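*Asks:* Predicted model and sequence follow; I will ask about them next.
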Amino acid sequence: MSTAPPPRVRFAPSPTGYLHVGGARTALFNWLLARRTGGAFVLRIEDTDVERSSDAMVQGILDGMRWLGLTWDEGPEVGGPDAPYFQSQRLDRYRAAAARLIVSGHAYYDYRQGEARTTRPEEEAFGPKRYDDTSLTLDADEVARREAAQAPRAIRFRVPVEGRTAFNDAVHGEIGFDNATLEDFVVLRSDGHPTYHLSVVVDDLEMRITDVIRGDDHISNTPKQVLLYEALGATVPRFAHVPLILGPDKKRLSKRHGATSVMEYAAQGVVPEAMVNFLALLGWSPGDNQELFSADELIARFDLAGISGGDAVFNPEKLEWMNNQHLMRLPDDVLVAQVRPWLERAGLWRDSFDTAERAWLIEALALLRPRAKRLGDIPDGLAPLAGEVVFDDVAVAKHVTVEVTP
């Protein structure tokens, strides 16, 4: 009896901003599934939006992933069999796939000038089912003439006029769309750059991704991608669309709610153990009342069946409480390492804390842990303990008397 290979999952951020907590939660769910099942976690950078992408943002994403402890098996800096892992270095693959779709009759040329040059799937406006001035509406001689002249043209996918495109979602169950509601969408722009739909499908296909776990704002993109998988003769992966993260006001989490990138929370003194624990419970439940988890416990307990279809609310007070709980539970050496930069900035770190005075520091931290909500609270509490006590002579004279006992 054959057994299915372990899952291959991926996290594919766009380097147009730092690692957002929503993206970090998606990465975490993928990472947990890979670690629980012995599968592979692939990190891929979707940097085809050249104008908005930057190396600094790529580095920010990698730093955020490492801070959370979400190590990747294949991707930037570690390599892998499906390199390169930057979409900007894979353009030839997307153009080849678009050409295959033309040959198979699943796509056609659109010669209209000024076609929408969109950079995000949600920006592609729904239009008529068919378009004028395309290789479907022009005669063969005119198409040949335009091709010989290298006339600018985009490539559109030919959506079936009738029928329904459906997929089974691990969170929401079966979801279907009438093909009549789907436009013939662009897969390759006239400048030779792919749209999101084509690039993500080609990459997932070539990287043998079996499970696509992403935000449920991608549900509307999925029927187009299912059609592309089928047209390319590939097996459609399993989809799991996870709930969006909302702010306390039940609106989509944004800067108006405060910090939104994971490294902002790191700079505020949140420890990665608490952040991972907190993010895991945004949309996922272990099935009981346990709230505090180590990464190993999350790996052992995580299952897609525990993901809720309802929106998850980001509660800063809950994160603060959870951070305090993890500060109290961290092993001594781990806490010393994490609080050291804060002590150094406050001028409180002494080299002897690594040697002779280490035991004293650990005892002092034991006193301060219960009251610390963030790492930055510890230097404030340690300062009176670490410095010399200086008495005010006037206050001593007023309040202290010497009593001689016979």
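*Replies:* Arrived safely, thanks for sending. A quick note: this is a predicted structure, and the numbers were derived from the prediction, not measured.
*Asks:* Do a quick rundown of the helices in the stretch 1-150 of the chain.
*Replies:* With DSSP state H, counting those that start in this stretch, the ranges of helices along the stretch 1-150 of the chain come out as 21-37, 55-68, 91-104, 140-148.
*Asks:* repeat for the stretch 201-350 of the chain
*Replies:* Using DSSP H, counting those that start in this stretch, helices in the stretch 201-350 of the chain cover 222-231, 262-267, 272-280, 295-301, 316-329, 332-345.
*Asks:* So for residue 353, which of those sits nearest?
*Replies:* helix 332-345 (7.3 Å; Cβ to Cβ). All C-beta atoms are positioned from the backbone trio N, CA, C, and that covers glycine.
*Asks:* Please export the C-alpha coordinates of that closest one as PDB.
*Replies:* Taking Å, rounded to 0.1, in the frame of the first residue of the first chain, the C-alpha atoms of helix 332-345 are listed here in PDB:
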ATOM      1  CA  ASP A 332      17.400  31.400  32.700                       C
ATOM      2  CA  ASP A 333      20.100  31.400  29.900                       C
ATOM      3  CA  VAL A 334      17.500  32.300  27.200                       C
ATOM      4  CA  LEU A 335      16.100  35.200  29.200                       C
ATOM      5  CA  VAL A 336      19.600  36.500  29.900                       C
ATOM      6  CA  ALA A 337      20.400  36.400  26.200                       C
ATOM      7  CA  GLN A 338      17.200  38.100  25.300                       C
ATOM      8  CA  VAL A 339      17.400  40.900  27.900                       C
ATOM      9  CA  ARG A 340      21.100  41.600  27.400                       C
ATOM     10  CA  PRO A 341      20.600  44.200  24.600                       C
ATOM     11  CA  TRP A 342      18.100  46.000  26.700                       C
ATOM     12  CA  LEU A 343      20.500  46.100  29.700                       C
ATOM     13  CA  GLU A 344      23.400  47.200  27.400                       C
ATOM     14  CA  ARG A 345      21.300  50.100  26.100                       C
END
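*Asks:* what kind of secondary structure is residue 162 in?
*Replies:* coil (DSSP: H, G, I helix; E, B strand; the rest coil).
*Asks:* And the residue nearest to it when sequence neighbours are not counted, how close does it get to residue 226?
*Replies:* Of all residues not flanking residue 162 in the chain, residue 179 sits nearest, at 6.3 Å (Cβ to Cβ, 6 or more residues apart in numbering). Counting by Cβ to Cβ, to the nearest Å, the gap from residue 179 to residue 226 is 11 Å.
*Asks:* now do residue 166
*Replies:* Remark: distance between residue 166 and residue 226 (Cβ to Cβ) = 8 Å.
*Asks:* Tell me which of those two has more neighbours.
*Replies:* Each of residue 166 and residue 226 has its neighbours counted (other Cβ atoms under 10 Å); residue 226 has more, 18 against 14.
*Asks:* Nearest to residue 134, out of the helices of the stretch 1-150 of the chain?
*Replies:* The nearest among these, by Cβ to Cβ, is helix 140-148 at 9.0 Å.
*Asks:* Counting by contacts, list what that closest one packs against.
*Replies:* Contacts defined by 3 or more Cβ pairs under 8 Å, 6 or more residues apart in numbering; DSSP states H and E place helix 140-148 against strand 107-110.
*Asks:* Give me the mean pLDDT for the strand it packs on.
*Replies:* Average pLDDT, strand 107-110: 93.
*Asks:* Show the secondary-structure elements that it is packed against.
*Replies:* helix 91-104, helix 140-148, strand 154-157.
*Asks:* Deepest in the core, which of these is it.
*Replies:* strand 154-157 (a mean of 24; mean count of other Cβ atoms under 10 Å).
*Asks:* If you count contacts, what does that one end up packed against?
*Replies:* Packed next to strand 154-157, using 3+ Cβ pairs under 8 Å, 6+ apart, are helix 91-104, strand 107-110, strand 186-188, helix 222-231.
*Asks:* Name every strand pairing with it and say which way it goes.
*Replies:* Sheet pairing for strand 154-157, assigned by DSSP bridges, gives strand 107-110 (antiparallel), strand 186-188 (antiparallel).
*Asks:* what's near enough to touch the most centrally placed residue in the chain?
*Replies:* What sits nearest the mean C-alpha location of the chain, by Cα atoms, centre = their mean, is residue 23, with 2.5 Å. Going by Cβ atoms under 8 Å, 6 or more residues apart in numbering, residue 23 touches 11, 13.
*Asks:* re earlier: between the helices of the stretch 1-150 of the chain, which one is nearest to residue 219?
*Replies:* Between the helices of the stretch 1-150 of the chain, helix 21-37 lies closest to residue 219; by Cβ to Cβ that is 14.0 Å.
*Asks:* Taking helix 272-280 as reference, get the angle to that closest one.
*Replies:* For helix 21-37 against helix 272-280, the angle by axes from the mean of the first three to the mean of the last three Cα atoms, to 10 degrees is 100 degrees.
*Asks:* gap between helix 21-37 and the chain center?
*Replies:* Helix 21-37 sits 8 Å away from the centroid of its parent chain (Cα atoms, centre = their mean, to the nearest Å).
*Asks:* how about low-confidence regions in the protein?
*Replies:* For the chain, residues meeting the criterion pLDDT under 70 lie at 1-2, 113-133, 254-259, 386-406.
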